[in-house]
Each structure stands twice: as C-alpha cells, then as structure tokens.
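Student: okay, sequence plus prediction incoming.
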Amino acid sequence: MTDAKNSDRNSPAGNPIGSVVMGSDSDLPKRKGCLETLGQFGVPFEVDVISAHRTPDRAHEFASSAEERGIRVVIAAAGGAAHLAGVLASLTTLPVIGVPISSSALHGVDALYATVQMPPGVPVATVGVDASKNAAILATQILAGADPALREKLKNYKAQMARSVQEKSRKLKESLGPQ
Ligand code: RP5
C-alpha cells in the first residue's frame with residue numbers, strides 16, 4: 001500500500017491521474033481508506049504532504065503544475081483551519097475534492113466549515129469529516145466520465161453494495177425469527 005512518506009508517484013502502476021494530498025503526515029491514518037479505495041478501482045495516483053500554511057509556495061507550485069503533469073482530480077485533506085483544498089482549487093481548474101480531517105480540538109467541525117464554505121466561483125467538492133473513502137469514490141466517478149472501464153467497475157461496486165445490504169437484511173430477519 002502507498003506510503004505518504006515515499007511521496008512521489010505511488011500506485012497502482014501507471015502515470016498518476018489522481019493526486020492525494022494532505023496537510024500533514026499525521027493525517028495519513030485517516031487517509032488510508034482513500035488510498036485503498038483508489039487502489040481497488042485501479043486509479044493511478046500520487047500522494048504528497050503539502051500545507052497551505054506551512055508550505056504555501058509548494059501549494060502554489062503543486063496546483064499550478066498539476067494539470068500539465070497529467071493529474072485529472074485532486075483530493076485534498078487537512079484538519080484545523082483547513083485551507084488546503086480551497087487554496088489548491090483557487091489555482092487550478094481541475095476538480096478538487098476536500099476532506100475535512102478531525103485532528104483538532106474542534107473534532108473536524110472547524111475543518112468542515114473551512115473546506116466547504118468556499119466563495120462563489122471557487123468550488124471545493126467537500127465530503128464528510130474523515131470521509132476519505134467517499135472522496136476516493138467521488139474522484140473515481142469524476143474520472144469515470146472519460147473512462148468506460150472505470151464506469152463498469154463503479155457499477156459492479158454499487159451492485160455488490162446492494163447485495164451486501166440484502167444479505168444483512170436476510171440475516172437480521174433470520175436472527176429475529178417469525179414476527
Ligand atoms: C493541519 O494541521 C494538518 O492537516 C493536520 O490535520 C493538523 C496537524 O498537523 P501536525 O501538527 O500534526 O503536522 O494542517
């Protein structure tokens with residue numbers, strides 16, 4: 001699995017089209033679901049640590065060059081006064097998905113508001129607090145617009161999810177016995 005510390009060009013094989021960035025390596029435990037899910041869908045991605053506040057020049061350089069490097073979607077996660085996704089979105093026309101991380105004393109409410117409440121004209125597609133898996137699925141759905149094979153994988157994924165809920169329903173009814 002991908003290690004944010006080995007940041008450039010991660011997995012799966014191929015030139016990265018997704019970019020997973022986070023404000024600190026301390027966010028990594030809450031990003032595992034994102035990395036695993038992108039891997040399951042076979043989306044080539046890179047991982048990086050970039051801070052809007054601690055490395056603002058790097059944030060500018062990253063966002064300004066992402067499109068020409070072949071990146072098609074950015075997933076940006078940060079906690080606290082989480083400006084990373086918004087700053088990146090201000091510098092690129094690539095879709096940016098924001099993941100508020102619950103790393104501060106305010107348990108992610110601060111990061112949620114900072115990420116979601118963008119000014120008109122600069123959207124960040126914000127998922128729930130620590131919702132890294134949903135961010136990866138949304139990124140895959142964005143990429144699937146131009147990739148029929150990815151669309152097929154997403155359809156299979158949804159069908160599997162539905163089967164799993166049906167199975168839970170069956171087991172629940174079985175355990176409760178005749179009503
Ligand atoms: C945010 O501050 C990071 O995204 C992280 O959630 C939080 C704490 O960072 P560290 O002090 O652990 O590096 O910018």
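Tutor: Ah, there it is.
Student: how about Ala114: what's its closest non-neighbour residue?
Tutor: With C-beta to C-beta, 6 or more residues apart in numbering as the measure, Ala82 is the residue that lies nearest to Ala114, at 4.5 Å, once sequence neighbours are left out. All C-beta atoms are positioned from the backbone trio N, CA, C, and that covers glycine.
Student: now the one you found, what's its secondary structure?
Tutor: What DSSP: H, G, I helix; E, B strand; the rest coil gives for Ala82 is coil.
Student: pLDDT on whichever strand or helix holds Asn156, on average?
Tutor: Using DSSP states H and E, Asn156 maps to helix 148-176. Averaged across helix 148-176, pLDDT comes to 97.
Student: run the chain-centre distance for it.
Tutor: Computed by C-alpha atoms, centre = their mean, to the nearest Å, the chain-centroid distance of helix 148-176 equals 22 Å.
Student: residues in contact with the closest residue to Leu84 other than its chain neighbours?
Tutor: Spatially, and ignoring its direct neighbours in sequence, Leu84 is nearest to Ala78 (4.0 Å; C-beta to C-beta, 6+ apart). Ala78 sits next to 22-24, 27, 51-52, 84-85, 99-101, 111, 115 when contact means C-beta atoms under 8 Å, 6 or more residues apart in numbering.
Student: by neighbours, which of these wins?
Tutor: The member of the contacts of Ala78 surrounded by the most neighbours (other C-beta atoms under 10 Å) is Val99, with 35 neighbours in all.
Student: assumed that residue was part of a strand.
Tutor: Yes. Assignment of Val99 by three-state DSSP places it within a strand.
Student: how far away is the most centrally placed residue in the chain from the ligand?
Tutor: The centre of the chain sits closest to Ala135, judged by C-alpha atoms, centre = their mean, with a distance of 3.4 Å. Per C-beta to the nearest ligand atom, to the nearest Å, Ala135 is found 14 Å from the ligand.
Student: I figured that residue hits Glu36, correct?
Tutor: No. In this structure Ala135 lies outside contact range of Glu36 using C-beta atoms under 8 Å: 11.9 Å.
Student: returning to that earlier point: for the residue nearest to Ala114, grab phi and psi.
Tutor: phi -80, psi 90 (degrees, to the nearest 10).
Student: what do you get for Ile142?
Tutor: Torsion angles, degrees, to the nearest 10, at Ile142: phi -60, psi -50.
Student: list the contacts for it?
Tutor: Arg72, Val73, Pro95, Ile97.
Student: enumerate the residues of this protein near the ligand.
Tutor: Neighbours of the ligand within the chain, by C-beta under 6 Å from any ligand atom: Gly23, Ser24, Ser26, Asp27, Ser51, Ala78, Gly79, Gly80, Ile101, Ser103.
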